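Undergrad: got a predicted structure here, sequence first:
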Amino acid sequence: MPWMESRVKDERMRFVLERQMDELSMRELCLKYGISRAPHRHPNQVPEDTEEAVLDLRRAHPTWGPKKLCRRLEILDSRTVWPARSTIAAILHRNGFARAPRRRRCVPPYTQPFASCTHANDVWRVAWSSQSLRRVTM
């Protein structure tokens, strides 16, 4: 049995006609004709050359953050529309250049009881311990 020849135009027409008959869902038709419905590129995605320029500058200056990288890129080439600082931060994070923020150490709660206070400003010296206020007595 010889091969059945088909042209792209004929395949498209068959696809459209089958879709108009409404017998199969769009998903089933796409599977039947081998069509991928996934986008190849997101419309708002940063171009690869722009992303590479950001990463190259970061490699040259590993301590610079997104704010300084953004400003430096604008100085180097003001005609190019560079991404925003938040986008540069996302690029750095996506490529493993962003460091996690330092965790603050937890301070243990104060377990001592409050100082006894019978009159107003009784414990004033405890709160203020600078040299000039040490001489003040209540």
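TA: Cool, the structure landed.
Undergrad: relative to Pro66, how far out is the one residue sitting closest to the centre of the chain?
TA: For the chain, the residue nearest the mean C-alpha position is Ala90 (3.2 Å; C-alpha atoms, centre = their mean). From Ala90 across to Pro66, the span is 9 Å (C-beta to C-beta, to the nearest Å). To be clear about C-beta, it is placed using only N, CA and C from the backbone, and glycine gets the same treatment.
Undergrad: Arg79 now?
TA: Taking C-beta to C-beta, one finds Arg79 at 21 Å from Pro66.
Undergrad: and Pro108, by the same measure?
TA: From Pro108 to Pro66 the distance is 35 Å (C-beta to C-beta).
Undergrad: which of those two has more neighbours?
TA: Between Pro108 and Pro66, Pro66 has the larger neighbour count (other C-beta atoms under 10 Å), namely 22 against 6.
Undergrad: that one: what's it in contact with?
TA: Arg85, Ser86, Ile88, Ala89, Leu92 (C-beta atoms under 8 Å, 6 or more residues apart in numbering).
Undergrad: gap between it and Phe97?
TA: Taking C-beta to C-beta, one finds Pro66 at 10 Å from Phe97.
Undergrad: which stretches in this protein count as helices?
TA: 8-21, 26-33, 48-60, 66-76, 85-94, 124-127, 131-134 (DSSP state H).
Undergrad: quick one: closest of these to Pro101.
TA: helix 85-94 (11.7 Å; C-beta to C-beta).
Undergrad: show me which positions of the closest one end up buried.
TA: Thr87, Ile88, Ala89, Ile91, Leu92 (16 or more other C-beta atoms under 10 Å).
Undergrad: show me the domain layout of the chain.
TA: Domain segmentation of the chain under automatic domain parsing yields 8-38, 48-94.
Undergrad: I appreciate the help and will end here.
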